[in-house]
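Enquirer: Here's my sequence, what's the structure:
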Amino acid sequence: MTRLLPCLVLLLLSGQACAAGLTARVDRTRLALHETLELTLETEDATQFGAPDLGPLAESFQVASTRQQNQLATVDGQARALTRWLITLQPRKTGSLEIPALSLGQWRSEPIQLTVQADDHASETLAPVFIDATLDRDHVYVQGQIVLTLRIFHSVSLYDDSSLSPLQMPNAIVERLGEPRTYEKRVNGMLHGVIEVRYAIFPQQSGHLTIPAQLFSATTVAATDGYSPFGPTPGRVTEVKSPVIPLEVAPIPPSYPKDQPWLPARRLTLVEAWTPAPAEAQVGESLTRSLLLQAEGLSSAQLPPIETAEVPGLRRYPDQPSLANEVGPGGVTGSREQRVALVPTEPGKATLPPISVTWWNTETDRLEVTELPAHTLDVAMNPTIEQPPLESLPAPVAAPSAWPAWPWQISTLVLACTTLLGFGLWWHARRQPAVHRSAASGPSPRTLLDDLKRACLANDSQATRQALDAWARQQPETLADMAARFVPLSDALDELNGALYSETGQRWQGEGLWRAVQALPAQEQQAIEQDQSALPPLYPR
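Expert: Model (predicted):
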């Protein structure tokens, strides 16, 4: 996971996949002597031919088999050719081993650290089928993760009807980590097949917890000395149980802040990415800020929302958060991505406050705080936005000199003003038609078009629908008529309605709708004049 996180950060920052190279990963980092593991080498460089140099592996590992796969993958809408080598390795000794850096042409992979334990069953008399259960750590905090590994060893062949009872714990959340793995291991000089099943367990209360036994059932293939005239010998059903494991769950440490959500994790990272770059901030132009929170040992459902404060001079249009879980050698890694569109409303400097996440490091057993520093945006004036001219202030008018006002003079002036006002209202009323036409009110078409643009670029389907209806009401034709005579607009409206009313909650991109509105051809002038000159119907409905 340490190597995958920088690639993910680079993917967010540049919008492109990681540069072509040679990446290495293993299916697990802890194993016993005589067990095998799978090393995967992968490259996107189509100019490299041949196979990686596996010579550095010979000192600490025995290469059991090597397979090559070629496939075509799509990353960010671009087709990329991937070449993958699957290498089965068996360690030669116990202790801390390192898979060294391997080379392919100009590329070199990163080394990988492994822990190889001694064989626990070296001096035992083993049954044909037995189960071994291990935990990845001795203690766990409440709501933290502990990984249970069940290994089913069998020295005899099994039919395909094998089954394992589900792991159910009333005071814990249990998630199975991927599909069962199968490999081979030599125990006491005899080759055994191994079926490995892994679970992530999240205890929901502190105190004593018991991991119950699981029942494995399978039909063994009976051994035959040769041809039997009575047909194949039927197999025998075998059932074995895993051991019961007691576990002590530690409570939340007293030093943990009471006002912060409890996050026990092995590693937690918080990164951000901008599209476009913050240096290009302009008034009225949308900036998308992506915040990614990742935690090893927590599921995405346990990650809290990333709190961001309001900033004067910036309008915020948040998007729905994206949650994902990734299964790796250490268990579950949860991620939460929050995206928000920021639209500057005035030039100058806008400072985004720092963002911090408090969590408990289960590896070092201490409190830690991961923080993004404050960020200052230097917002420039958008040259495409017209500024109203500065009007000169009127010259100050000198106060008239005081003059005596007699009562009859004031009453005569008031009577004259009211008479003139009444005559003006009467004259204005005579010039008006019997039925008044409703005058258009509300914001200008330019303002409505700007609101529609900002909502589309922010990918906010609800705000886009409202802005689109407001803009269409001031057009000479209806939105349905415009869609009927312009196919791109009709397709964009279908995508918007699908995002609004679809049960799947698909993510909508508003750039296509904005381009369709900009490219909408004007209605023919002749048709408009004909429509305006047409007399209203004699009997309107």
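Enquirer: Past the top helix by length along the chain, which element shows up next along the chain?
Expert: When secondary structure is assigned using DSSP state H, the longest helix within the chain turns out to be helix 407-431. Next in sequence after helix 407-431, counting helices and strands by DSSP states H and E, comes helix 445-457.
Enquirer: Tell me which other helices or strands that next one touches.
Expert: Here helix 445-457 touches strand 314-318, strand 331-344, helix 461-472, helix 511-518, going by 3 or more C-beta pairs under 8 Å, 6 or more residues apart in numbering; DSSP states H and E. Quick note: C-beta positions are derived from backbone N, CA and C, even for glycine.
Enquirer: What average pLDDT does it get?
Expert: Predicted confidence along helix 445-457 averages 84 (mean pLDDT).
Enquirer: What are the buried residues along stretch 316-324?
Expert: In terms of neighbour count (16 or more other C-beta atoms under 10 Å), stretch 316-324 has its buried residues at Y317, D319.
Enquirer: C-alpha coordinates for that stretch, CSV please?
Expert: Written as CSV, here are the backbone C-alpha positions of stretch 316-324 (Å, rounded to 0.1, in the frame of the first residue of the first chain):
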residue,chain,number,x,y,z
ARG,A,316,-18.8,26.5,-2.8
TYR,A,317,-20.6,23.7,-4.8
PRO,A,318,-19.8,20.4,-3.0
ASP,A,319,-20.2,17.1,-4.8
GLN,A,320,-21.3,13.7,-3.3
PRO,A,321,-18.3,12.0,-1.5
SER,A,322,-16.8,8.9,-3.2
LEU,A,323,-16.2,5.9,-0.8
ALA,A,324,-14.0,2.9,-1.7
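Enquirer: Pull the residues that contact that stretch.
Expert: 286, 300-301, 303, 305, 308, 310, 334-343, 454-455, 458-460, 463, 505, 507 (C-beta atoms under 8 Å, 6 or more residues apart in numbering).
Enquirer: among the helices and strands packed on helix 445-457, which is nearest G105?
Expert: The closest approach between G105 and any of the helices and strands packed on helix 445-457, judged by C-beta to C-beta, belongs to strand 331-344 at 31.2 Å.
Enquirer: tell me the domain ranges of this structure?
Expert: Taking automatic domain parsing as the domain assignment, the record places the domains of the chain at 4-117, 129-222+235-250, 264-379, 445-519.
Enquirer: Can you select the buried ones from the contacts of stretch 316-324 in ChimeraX?
Expert: For anyone working in ChimeraX, the buried entries among the contacts of stretch 316-324, judged by 16+ other C-beta under 10 Å, can be selected with:
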select :286,300,303,308,334,335,336,337,338,339,340,341,342,343,454,455,458,459,460,463
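Enquirer: Using JSON lines, please lay out the domains of the chain together with distance to V414.
Expert: As requested, the domains of the chain are exported to JSON lines (distance: least, C-beta to C-beta, whole Å):
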{"stretch": "domain 4-117", "distance to V414": "73"}
{"stretch": "domain 129-222+235-250", "distance to V414": "80"}
{"stretch": "domain 264-379", "distance to V414": "47"}
{"stretch": "domain 445-519", "distance to V414": "42"}
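Enquirer: The residue nearest to L164 when sequence neighbours are not counted: neighbour count?
Expert: Computed as C-beta to C-beta, 6 or more residues apart in numbering, the closest residue to L164 that is not its neighbour in sequence is F216, at 5.2 Å. Burial measure for F216: 21 neighbouring residues, criterion other C-beta atoms under 10 Å.
Enquirer: cool, and S155?
Expert: Neighbour tally, S155, other C-beta under 10 Å: 16.
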